[in-house]
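Novice: What follows is a predicted protein model with its sequence.
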Amino acid sequence: MQITAGVRGGQPFPRVASALVAAMFPCLVAACGSTSVTELTSPSGERCQATLSPSAQALPAAGGAITIGVATTRDCSWTATSDASWIRLSPASGQGEATVTANVDANPQIVARSANISVNGQRVSLTQDARACTYDLASNTTQFGGSGGTGRVDVTTIAGCTWTATTNADWLHVTGGSHTGSGSLSFQVDANDGSGREGIITIGGRNLLVMQGAVATPAPPTPSQPPAPTCTYSLTPASRSMPAAGGTDQFQVMTQAGCTWTASKDASAWLALATTSGTGSGTVGYTAQANPTTAPRSATITVGDQMFTLLQTAAACTFTLAPTSADFTPDGGSGRFTVTTSSNCGWTAAAGAPWVTLPNRSGTGSGDVNFAVQANAASTARSTTITIGGQTFTVNQAGVACTYTINPASLNIAAAGGEGRFTLTTQAGCAWTATAGAPWVTVTTPSGTGPGDVVYTTAANSDPAARSTTVTAGGQVHTVNQAGAPAPCTYTLDPTSASYMAAGGSATFKVMTQPGCTWTASTMAPWITVTSGAGSGTGDAGYTVQVNSTGAPRTDTITVAGQAFTVSQEP
């Protein structure tokens, strides 16, 4: 529609079409009535905020792998980063719900360390224990004669680890106080005026066995018989470690020729002797059975006045789970399985997905593990595991059947046409298609998966009659109602003119038009002022005529929607 201003002196007045269109725009959007419009917004930062579980993790110095559950909506992307080079993430990015594995290197330092893993601004704090100080001795045994002397043993450890040496015998003397890092320890052995003896120097929890023989004082020989030999005994090595699997080994017995000896063991039933006696230097063989327990054990073998110590390491902890899997409906629920292991074996349970929670995550020895499975709102089945001691328990959960609802069920569109939309609610993973029931409606989002908005556009309706059709999505029907084209606006003025004396004055005239039709009153005459010059539908236009001091009559017009109202004034 175009509105033309009146003409004065052969020149057209300014057009008012732009103002009229601006005033009519709300009617085009709102369809001049009860129309509601649903808007679709892209995922916001707040909507794509991720939830991480657990929020903190602690690892041993040996490192290992941990899992972090990332919970967010399926259309939200995420990126995982770490502020430490000793943590490697897999995967480092993704979309929707997922599990991130963090592989943590062993800690080479004797101080604990910490780092953070971040996913879309959310953090999981990770701490790692310090590497424990370990100490190794160049030798576990040493032997001295009865006269004593000075000895030395090399100690190997990690830089920064401190150690001191102590002894359990008053005839052994260590020198120096506290040491740091690898080094050597010197010690002094007093002369022995008695029988053979043993002492232990302890360094960083490791033992050095010091064996010392007696000073020989043979009796003088008699003319009738040769002197009896003086027998002393030493064992090499004086101690040994045996793996938990057991096995066969031996040690050396050193003594003078002709000296007899017997070998005997303590009450340990898991140790058997292959050699029980001999004359002169020889070997003692032994066999150790496998250690079935998770605790180390020891036994001794005595030869003469010397003692051989056998240490056997503990068996590794093993774990079995029963049952090894469970199936759940979409509603979720709770479950339980049994961990079987040795009484002193500790364990920790870790779930592979945030939708499985564990109220009791750790324990020692055999016991039950309880867990809870959250409801599955998606149509696709899902599966994860609970890991304990390298063993896995599988949790399987079915998906829900797809259901669809729409909101709103209908929209009113203006005759000029435009965009409409409605929200389709369904479970994640559920597919749908949208179709229009008439060619004047075009669906711009014809298909999708999971919840979302269905968007469509309507063409302008040039017919005065309203029309209606539907958009079907997921079996649900959305009704589209479009108004008919409005009739053209017509305008008349009442009255169409007015006359004034020289003193001027104020008055109004009526503008008559259809409801919703807008109008503006204007004049180019400097002696006429429009006091109320705009409206919609039928209304009054007001104006004021100034005093005529020109001495001559004058005439001009006020223009409303192409209609002229004539004002005449006498001198």
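Specialist: In hand now; what should we look at?

Novice: Surely residue 107 is in contact with residue 126?
Specialist: No. Counting by CB atoms under 8 Å, residue 107 does not reach residue 126; the two are 11.6 Å apart. Placement of C-beta: from N, CA and C, glycine included.

Novice: Excluding covalently adjacent residues, which one is nearest to residue 324?
Specialist: Distances taken as CB to CB, 6 or more residues apart in numbering place residue 393 nearest to residue 324, at 5.8 Å, with adjacent residues excluded.

Novice: Pretty sure the one you found sits in a strand.
Specialist: Yes. According to DSSP: H, G, I helix; E, B strand; the rest coil, residue 393 belongs to a strand.

Novice: Please determine how far it is located from residue 489.
Specialist: 77 Å (CB to CB, to the nearest Å).

Novice: Please apply the same query to residue 318.
Specialist: 91 Å.

Novice: So for the two, which residue has more residues nearby?
Specialist: residue 489 (18 against 13; other CB atoms under 10 Å).

Novice: show me the contacts for the more buried one.
Specialist: Residue 489 makes contacts with 1, 513, 514, 517, 561, as judged by CB atoms under 8 Å, 6 or more residues apart in numbering.

Novice: Repeat that for residue 261.
Specialist: Here residue 261 is in contact with 233, 253, 255, 277, 278, 279, 303, 304 (CB under 8 Å, 6+ apart).

Novice: From the residues you listed, pick the one nearest residue 398.
Specialist: residue 303 (70.2 Å; CB to CB).

Novice: wait, doesn't the closest one sit right on residue 262?
Specialist: Yes. Using CB under 8 Å, residue 303 makes contact with residue 262 at a distance of 7.4 Å.

Novice: In terms of packing, which of these two has more residues around it?
Specialist: Neighbours per residue (other CB under 10 Å) separate residue 303 from residue 262, with residue 303 holding more: 24 against 12.

Novice: Contacts only, for the more buried one.
Specialist: 233, 235, 253, 261, 262, 263, 284.

Novice: Would you mind checking those for buried ones?
Specialist: 233, 235, 253, 261, 263, 284 (16 or more other CB atoms under 10 Å).

Novice: The second one contacts residue 308, correct?
Specialist: Yes. The pair residue 235 and residue 308 qualifies as a contact (CB under 8 Å) at a distance of 5.1 Å.

Novice: Now do the shared contacts for the two.
Specialist: Shared contacts of residue 235 and residue 308, defined by CB under 8 Å, 6+ apart, comprise residue 251.

Novice: Could you check the pLDDT of residue 111?
Specialist: pLDDT recorded at residue 111 is 88.

Novice: what does the one 4 residues further on give?
Specialist: Note on residue 115: pLDDT of 94.

Novice: Show the contacting residues for it.
Specialist: Contacts of residue 115 by CB under 8 Å, 6+ apart are 82, 83, 84, 86, 87, 125, 126.

Novice: Just the buried subset of the residues you listed, please.
Specialist: 82, 84, 87, 126.

Novice: taking these one by one, which sit in strands?
Specialist: Judged by DSSP state E, strands contain the following of those: 82, 87, 126.

Novice: which one of those residues is nearest residue 423?
Specialist: In terms of CB to CB, no member of those lies closer to residue 423 than residue 82, at 38.2 Å.

Novice: And for the closest residue to the closest one other than its chain neighbours, the neighbour number?
Specialist: Leaving aside its sequence neighbours, residue 82 sits nearest to residue 117 (CB to CB, 6+ apart; 5.1 Å). By the criterion of other CB under 10 Å, residue 117 has 22 neighbours.

Novice: TSV for the contacts of residue 261, including distance to residue 153?
Specialist: TSV is the format used below for the contacts of residue 261 (distance: CB to CB, whole Å):
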residue	distance to residue 153
233	23
253	24
255	25
277	33
278	30
279	33
303	24
304	25
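
Novice: I'd say residue 341 and residue 365 touch.
Specialist: Yes. Counting by CB under 8 Å, residue 365 is a contact partner of residue 341 at 6.4 Å.

Novice: Great, nothing more from me.
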